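# Give the three-dimensional model of this entry:
(2 chains)
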Amino acid sequence: EPEVTQTPSHQVTQMGQEVILRCVPISNHLYFYWYRQILGQKVEFLVSFYNNEISEKSEIFDDQFSVERPDGSNFTLKIRSTKLEDSAMYFCASSGYSQETQYFGPGTRLLVL
Amino acid sequence: QQQVKQSPQSLIVQKGGISIINCAYENTAFDYFPWYQQFPGKGPALLIAIRPDVSEKKEGRFTISFNKSAKQFSLHIMDSQPGDSATYFCAASSYNTDKLIFGTGTRLQVFP
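Down below sits the predicted model:
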């Protein structure tokens, strides 16, 4: 069964450093998403991406965040200058059509020290 | 308006019992209501979903009940099994957006 994969599974970084989280969505999917989950809290939407551009972003997704689909398979989330409060589990998701099932990856646990 | 309220926060059920998790929303533009199951260290996985044109949807031991007038929906897990022990999230999205608004989650523990 096709699945969304994410790398790395864990990342530890120093405050102020840049991090890039990588995702490989399901191959024929067209809609891509990033969500995050702070430990013990609910899953929060960050951004959606379709047709090589951001279709929607949340208030959390400020100028420190960016997304890119650099080739036909990868989807990345970049945090330019990490803050302590960016520590969370980051989930990538993809769907084949708008408003259809979103399939989530296993997540990247980011710890900012 | 964008919130989805979920209860209870945690639930302990005996094997074979019925687990019931409730969610409520305010935004009448919501028209897609999925339930996700999450095991520790894993991403959320879609369990079952409903749209407001039906009041109930059943898939195996899992049933969503939907009350449009009350703006509430619930997940029923019949014959609960220890393997069902996980965190369950309700979610909602509206016709003009793909973003899922998640509830706060319910940690279900099923004891043998």
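
# ok, which residues in chain A are in contact with chain B?
Contact residues, chain A versus chain B (CB under 8 Å from any CB of the partner chain): A:4, A:31, A:33, A:35, A:41-45, A:48, A:55-56, A:58, A:91, A:93, A:95, A:98-99, A:101-107. (C-beta placed from N, C-alpha, C; glycine too.)

# Which of these fall in helices?
Within the residues of chain A next to chain B, no residue falls in helices by DSSP state H.

# Low-confidence regions, chain A specifically.
For chain A, no stretch has pLDDT under 70.

# Please list all residues in contact with residue 103.
You didn't say which chain, so I picked chain A. A:2, A:3, A:4, A:26, A:29, A:93, A:94, A:95, B:46 (CB atoms under 8 Å, 6 or more residues apart in numbering or on different chains).

# you looked at the wrong chain, it should be chain B
Residues in contact with residue B:103 (CB under 8 Å, 6+ apart) are A:42, B:4, B:5, B:6, B:23, B:89, B:90, B:91.

# still on that earlier bit, mark which of the residues of chain A next to chain B are buried, thanks.
A:4, A:31, A:33, A:35, A:42-45, A:48, A:55-56, A:58, A:91, A:93, A:95, A:99, A:102-107 (16 or more other CB atoms under 10 Å in any protein chain shown).

# from those residues, which ones fall inside strands?
With strands taken from DSSP state E, the overlap with those comprises A:31, A:33, A:35, A:43-45, A:48, A:55-56, A:91, A:93, A:95, A:103-104.

# Chain B against chain A: which residues are in contact?
Taking CB under 8 Å from any CB, the part of chain B that reaches chain A is made up of B:32, B:34, B:36, B:41-46, B:49, B:89, B:91, B:93, B:95, B:97-105.

# before we move on, the earlier item: TSV for the contacts of residue B:103, including secondary structure and distance to residue B:71?
As requested, those are exported to TSV (DSSP: H, G, I helix; E, B strand; the rest coil; distance: CB to CB, whole Å):
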residue	secondary structure	distance to residue B:71
A:42	coil	19
B:4	strand	10
B:5	strand	10
B:6	strand	13
B:23	strand	9
B:89	strand	18
B:90	strand	12
B:91	strand	15
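
# Going by neighbour count, which of those comes out on top?
Compared across the contacts of residue B:103, residue B:90 has the highest neighbour count, 28 neighbours, by other CB atoms under 10 Å in any protein chain shown.

# Tell me the spatial nearest neighbour of the residue in chain B that chain A sits nearest to, not counting adjacent residues.
Proximity of chain B to chain A (CB to the nearest CB) peaks at residue B:43, 3.5 Å away. The shortest distance from residue B:43 to any non-neighbouring residue, by CB to CB, 6 or more residues apart in numbering or on different chains, is to residue A:104 (3.5 Å).

# Would you confirm that the one you found contacts residue A:93?
Yes. Judged on CB atoms under 8 Å, residue A:104 makes contact with residue A:93 at a distance of 4.7 Å.

# what is in contact with the two at once?
Common neighbours of residue A:104 and residue A:93 (CB under 8 Å, 6+ apart) are A:4, A:35, B:43.

# show me what contacts the first one?
I take that to be residue A:4. Residue A:4 neighbours (CB under 8 Å, 6+ apart): A:23, A:24, A:25, A:26, A:92, A:93, A:94, A:103, A:104, A:105, A:106, B:43.

# And for the second one?
The neighbours of residue A:35, taking CB under 8 Å, 6+ apart as the test, are A:43, A:44, A:45, A:46, A:90, A:91, A:93, A:104, B:100.

# Okay, and the beta partners of the first one?
In this structure, residue A:43 has beta-bridge partners residue A:37, where bridges are defined by DSSP bridges.
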